[in-house]
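**Q** no FASTA, just this:
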(Lines give C-alpha, C1' and ligand atoms only; values in the text may rest on other atoms or scores of the structure.)
Protein backbone atom coordinates (compact mmCIF):
# COMPACT_ATOMS: atom_id res chain seq x y z
CA UNK A 1 0.00 0.00 0.00
CA UNK A 2 1.36 3.37 -1.00
CA UNK A 3 1.48 6.27 1.44
CA UNK A 4 -0.17 9.63 0.78
CA UNK A 5 2.78 11.92 0.45
CA UNK A 6 1.54 15.44 1.13
CA UNK A 7 2.26 17.50 4.24
CA UNK A 8 0.22 20.56 5.19
CA UNK A 9 2.97 23.05 4.46
CA UNK A 10 3.67 21.42 1.14
CA UNK A 11 -0.02 21.46 0.26
CA UNK A 12 -0.28 25.17 1.04
CA UNK A 13 2.75 25.90 -1.12
CA UNK A 14 1.23 23.77 -3.87
CA UNK A 15 -2.04 25.69 -3.67
CA UNK A 16 -0.20 29.00 -3.95
CA UNK A 17 1.75 27.82 -6.97
CA UNK A 18 -1.42 26.61 -8.67
CA UNK A 19 -3.07 29.99 -8.16
CA UNK A 20 -0.06 31.76 -9.62
CA UNK A 21 -0.08 29.49 -12.66
CA UNK A 22 -3.83 29.62 -13.29
CA UNK A 23 -4.40 33.28 -12.43
CA UNK A 24 -7.56 32.27 -10.49
CA UNK A 25 -7.83 32.43 -8.08
CA UNK A 26 -15.75 16.02 8.57
CA UNK A 27 -18.61 15.89 8.01
CA UNK A 28 -19.19 18.09 11.13
CA UNK A 29 -22.15 19.66 12.86
CA UNK A 30 -22.08 23.44 12.57
CA UNK A 31 -23.71 24.97 15.60
CA UNK A 32 -23.91 28.47 14.05
CA UNK A 33 -24.71 27.95 10.39
CA UNK A 34 -27.03 30.09 8.31
CA UNK A 35 -29.27 28.44 5.74
CA UNK A 36 -28.26 28.63 2.10
CA UNK A 37 -30.35 30.93 -0.10
CA UNK A 38 -33.72 29.59 -1.19
CA UNK A 39 -32.58 29.03 -4.75
CA UNK A 40 -29.72 26.73 -3.69
CA UNK A 41 -30.84 23.16 -3.05
CA UNK A 42 -27.97 21.54 -1.15
CA UNK A 43 -29.08 18.15 -2.49
CA UNK A 44 -28.77 19.43 -6.05
CA UNK A 45 -26.07 22.08 -6.10
CA UNK A 46 -24.52 23.54 -9.21
CA UNK A 47 -20.94 22.22 -9.21
CA UNK A 48 -18.40 22.68 -12.00
CA UNK A 49 -15.03 21.03 -12.35
CA UNK A 50 -12.29 19.70 -14.57
CA UNK A 51 -9.05 17.73 -14.42
CA UNK A 52 -5.64 18.28 -16.01
CA UNK A 53 -2.17 16.82 -16.00
CA UNK A 54 -0.09 18.06 -13.06
CA UNK A 55 3.71 18.37 -12.86
CA UNK A 56 5.60 15.36 -11.53
CA UNK A 57 6.02 15.23 -7.76
CA UNK A 58 9.57 15.65 -6.48
CA UNK A 59 9.23 12.66 -4.15
CA UNK A 60 7.61 10.43 -6.78
CA UNK A 61 8.81 11.54 -10.24
CA UNK A 62 7.67 8.31 -11.92
CA UNK A 63 3.97 8.66 -11.04
CA UNK A 64 1.45 10.39 -13.28
CA UNK A 65 -0.04 13.32 -11.37
CA UNK A 66 -3.60 14.50 -11.98
CA UNK A 67 -4.93 17.80 -10.65
CA UNK A 68 -8.65 18.37 -10.12
CA UNK A 69 -10.53 21.64 -9.72
CA UNK A 70 -14.14 22.22 -8.74
CA UNK A 71 -16.47 24.81 -7.25
CA UNK A 72 -20.08 24.70 -6.05
CA UNK A 73 -22.72 27.35 -5.44
CA UNK A 74 -23.26 26.31 -1.82
CA UNK A 75 -21.23 25.52 1.30
CA UNK A 76 -19.81 22.03 1.66
CA UNK A 77 -18.33 20.08 4.55
CA UNK A 78 -17.00 17.14 2.57
CA UNK A 79 -16.51 15.69 -0.88
CA UNK A 80 -15.49 12.48 -2.61
CA UNK A 81 -13.54 12.10 -5.85
CA UNK A 82 -14.08 8.74 -7.58
CA UNK A 83 -11.63 8.12 -10.45
CA UNK A 84 -12.17 5.23 -12.85
CA UNK A 85 -8.46 4.31 -12.47
CA UNK A 86 -6.73 3.28 -9.26
CA UNK A 87 -5.38 6.12 -7.14
CA UNK A 88 -1.78 5.47 -6.12
CA UNK A 89 -1.26 8.53 -3.90
CA UNK A 90 -3.16 11.69 -3.02
CA UNK A 91 -2.76 15.16 -1.64
CA UNK A 92 -3.96 14.85 1.94
CA UNK A 93 -4.45 18.57 2.75
CA UNK A 94 -6.50 20.56 0.24
CA UNK A 95 -7.35 24.26 0.46
CA UNK A 96 -10.09 26.53 -0.83
CA UNK A 97 -8.89 29.40 -3.00
CA UNK A 98 -10.25 32.95 -3.10
CA UNK A 99 -10.22 33.75 -6.80
CA UNK A 100 -10.63 37.47 -6.12
CA UNK A 101 -7.33 37.66 -4.25
CA UNK A 102 -5.66 34.55 -5.76
CA UNK A 103 -4.81 33.24 -2.30
CA UNK A 104 -5.88 30.20 -0.26
CA UNK A 105 -8.52 30.73 2.38
CA UNK A 106 -6.58 29.93 5.57
CA UNK A 107 -9.58 28.26 7.20
CA UNK A 108 -11.24 26.70 4.15
CA UNK A 109 -9.54 23.34 3.93
CA UNK A 110 -10.11 19.61 3.73
CA UNK A 111 -8.31 16.57 5.07
CA UNK A 112 -8.30 13.74 2.53
CA UNK A 113 -7.77 10.01 2.92
CA UNK A 114 -8.67 6.71 1.30
CA UNK A 115 -7.41 3.20 0.58
CA UNK A 116 -4.26 3.15 -1.55
CA UNK A 117 -4.33 1.93 -4.17
CA UNK A 118 -8.04 2.50 -4.43
CA UNK A 119 -10.88 4.23 -6.23
CA UNK A 120 -12.03 6.83 -3.70
CA UNK A 121 -10.60 10.07 -2.30
CA UNK A 122 -12.61 11.06 0.77
CA UNK A 123 -12.21 14.60 2.09
CA UNK A 124 -13.76 16.29 5.15
CA UNK A 125 -13.56 19.94 6.22
CA UNK A 126 -15.49 22.95 4.98
CA UNK A 127 -15.59 25.61 2.27
CA UNK A 128 -18.02 28.23 1.06
CA UNK A 129 -18.73 29.78 4.46
CA UNK A 130 -17.58 33.38 4.06
CA UNK A 131 -17.62 34.01 7.80
CA UNK A 132 -15.37 31.24 9.05
CA UNK A 133 -16.00 32.11 12.71
CA UNK A 134 -19.77 31.69 12.47
CA UNK A 135 -19.84 29.41 9.41
CA UNK A 136 -22.34 31.69 7.66
CA UNK A 137 -23.03 31.52 3.95
CA UNK A 138 -23.02 34.93 2.28
CA UNK A 139 -25.86 34.93 -0.26
CA UNK A 140 -24.29 37.88 -2.09
CA UNK A 141 -21.14 35.90 -2.84
CA UNK A 142 -20.91 35.58 -6.62
CA UNK A 143 -17.64 33.73 -7.09
CA UNK A 144 -17.58 30.09 -6.00
CA UNK A 145 -14.80 28.89 -3.71
CA UNK A 146 -12.32 27.00 -5.86
CA UNK A 147 -11.11 23.66 -4.47
CA UNK A 148 -8.02 22.05 -5.98
CA UNK A 149 -6.11 18.88 -5.14
CA UNK A 150 -3.98 16.20 -6.77
CA UNK A 151 -3.75 12.43 -6.97
CA UNK A 152 -1.53 10.06 -8.93
CA UNK A 153 -2.23 7.13 -11.22
CA UNK A 154 -0.09 4.53 -12.95
CA UNK A 155 0.64 4.78 -16.65
CA UNK A 156 0.59 7.50 -19.26
CA UNK A 157 -1.95 10.32 -18.93
CA UNK A 158 -2.91 9.78 -22.59
CA UNK A 159 -3.46 6.02 -22.37
CA UNK A 160 -7.02 4.79 -22.83
CA UNK A 161 -9.15 4.53 -20.87
CA UNK A 162 -8.14 7.95 -19.59
CA UNK A 163 -8.83 9.00 -16.03
CA UNK A 164 -12.31 10.54 -15.63
CA UNK A 165 -13.25 11.26 -11.97
CA UNK A 166 -16.74 11.71 -10.59
CA UNK A 167 -17.39 14.20 -7.78
CA UNK A 168 -19.92 13.99 -4.94
CA UNK A 169 -20.24 16.78 -2.34
CA UNK A 170 -21.78 16.76 1.14
CA UNK A 171 -23.02 19.40 3.59
CA UNK A 172 -23.84 18.86 7.27
CA UNK A 173 -25.16 21.36 9.80
CA UNK A 174 -27.84 22.23 12.33
CA UNK A 175 -30.98 24.05 11.20
CA UNK A 176 -32.80 26.86 12.96
CA UNK A 177 -34.77 24.33 15.01
CA UNK A 178 -31.56 22.77 16.32
CA UNK A 179 -32.02 19.60 14.29
CA UNK A 180 -28.96 18.06 12.61
CA UNK A 181 -29.29 18.09 8.82
CA UNK A 182 -27.24 16.75 5.95
CA UNK A 183 -27.31 16.90 2.16
CA UNK A 184 -25.53 15.01 -0.62
CA UNK A 185 -25.22 16.37 -4.15
CA UNK A 186 -23.90 14.68 -7.26
CA UNK A 187 -22.30 12.88 -8.86
CA UNK A 188 -20.73 15.38 -11.24
CA UNK A 189 -18.44 14.32 -14.07
CA UNK A 190 -15.13 16.23 -13.94
CA UNK A 191 -14.12 14.69 -17.25
CA UNK A 192 -10.96 13.53 -18.95
CA UNK A 193 -7.82 15.64 -18.42
CA UNK A 194 -7.39 18.83 -20.43
CA UNK A 195 -4.09 20.52 -21.35
CA UNK A 196 -2.44 17.15 -21.87
CA UNK A 197 -1.21 17.43 -25.44
CA UNK A 198 -2.70 13.98 -26.09
CA UNK A 199 -3.81 12.98 -29.57
CA UNK A 200 -7.52 12.65 -30.25
CA UNK A 201 -8.86 9.10 -30.06
CA UNK A 202 -12.17 7.42 -30.79
CA UNK A 203 -12.94 7.80 -27.06
CA UNK A 204 -12.22 11.54 -26.95
CA UNK A 205 -15.88 12.55 -26.57
CA UNK A 206 -16.87 9.77 -24.18
CA UNK A 207 -17.77 10.52 -20.58
CA UNK A 208 -18.78 8.46 -17.55
CA UNK A 209 -22.00 10.49 -17.30
CA UNK A 210 -23.58 11.28 -20.70
CA UNK A 211 -24.24 14.98 -21.24
CA UNK A 212 -27.54 14.42 -23.05
CA UNK A 213 -30.88 13.25 -21.74
CA UNK A 214 -33.62 14.40 -19.40
CA UNK A 215 -31.66 13.83 -16.21
CA UNK A 216 -28.31 15.29 -17.26
CA UNK A 217 -26.89 18.77 -17.48
CA UNK A 218 -23.77 19.45 -19.53
CA UNK A 219 -23.19 22.68 -17.58
CA UNK A 220 -22.25 20.60 -14.53
CA UNK A 221 -18.81 20.14 -16.07
CA UNK A 222 -16.68 22.75 -17.81
CA UNK A 223 -14.09 20.28 -19.04
CA UNK A 224 -12.66 20.11 -22.52
CA UNK A 225 -12.74 16.85 -24.43
CA UNK A 226 -9.22 15.90 -25.43
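**A** Here it is on my side, so go on. On a predicted model such as this, the values are computed, not experimentally measured, just so you know. Numbering: from 1, shown residues only.
**Q** Contacts for stretch 156-167, please.
**A** The contact list for stretch 156-167 (C-beta atoms under 8 Å, 6 or more residues apart in numbering) reads 47, 49, 51, 53, 64, 66, 68, 70, 79-85, 153, 186-193, 196-199, 201, 203, 207-209. In short, each C-beta sits where N, CA and C put it, glycine included.
**Q** quick one: which of those residues sit in strands?
**A** 47, 49, 51, 53, 64, 66, 68, 70, 79-82, 153, 186-189 (DSSP state E).
**Q** for this structure, what spans make up the helices?
**A** Using DSSP state H, the helices of the chain run over residues 8-22.
**Q** residue ranges with poor pLDDT in the protein?
**A** Within the chain, the stretches with pLDDT under 70 are 1-40, 130-143, 175-176, 211-226.
**Q** coming back round to it: now which of the contacts of stretch 156-167 would you call buried?
**A** Among the contacts of stretch 156-167, those classed as buried by 16 or more other C-beta atoms under 10 Å are 47, 49, 51, 53, 64, 66, 68, 70, 79-83, 85, 153, 186-193, 196, 198, 207-209.
**Q** give me the number of residues near residue 202?
**A** 7 (other C-beta atoms under 10 Å).
**Q** Ok, residue 159 next?
**A** For residue 159, the neighbour count with other C-beta under 10 Å is 14.
**Q** Now the phi/psi pair for it, please.
**A** Main-chain torsions, residue 159, degrees, to the nearest 10: phi -70, psi 140.
**Q** how much space is there between it and residue 192?
**A** Taking C-beta to C-beta, to the nearest Å as the measure, residue 159 falls 11 Å from residue 192.
**Q** for residue 56, same thing?
**A** From residue 56 over to residue 192 the distance is 20 Å, taken as C-beta to C-beta.
**Q** Also residue 74?
**A** Residue 74 is 26 Å from residue 192, by C-beta to C-beta.
**Q** what's the burial count for the residue lying closest to residue 126 once chain neighbours are set aside?
**A** Residue nearest to residue 126 in three dimensions, not counting chain neighbours: residue 77, with 4.8 Å by C-beta to C-beta, 6 or more residues apart in numbering. Counted by other C-beta under 10 Å, the residues lying close to residue 77 total 26.
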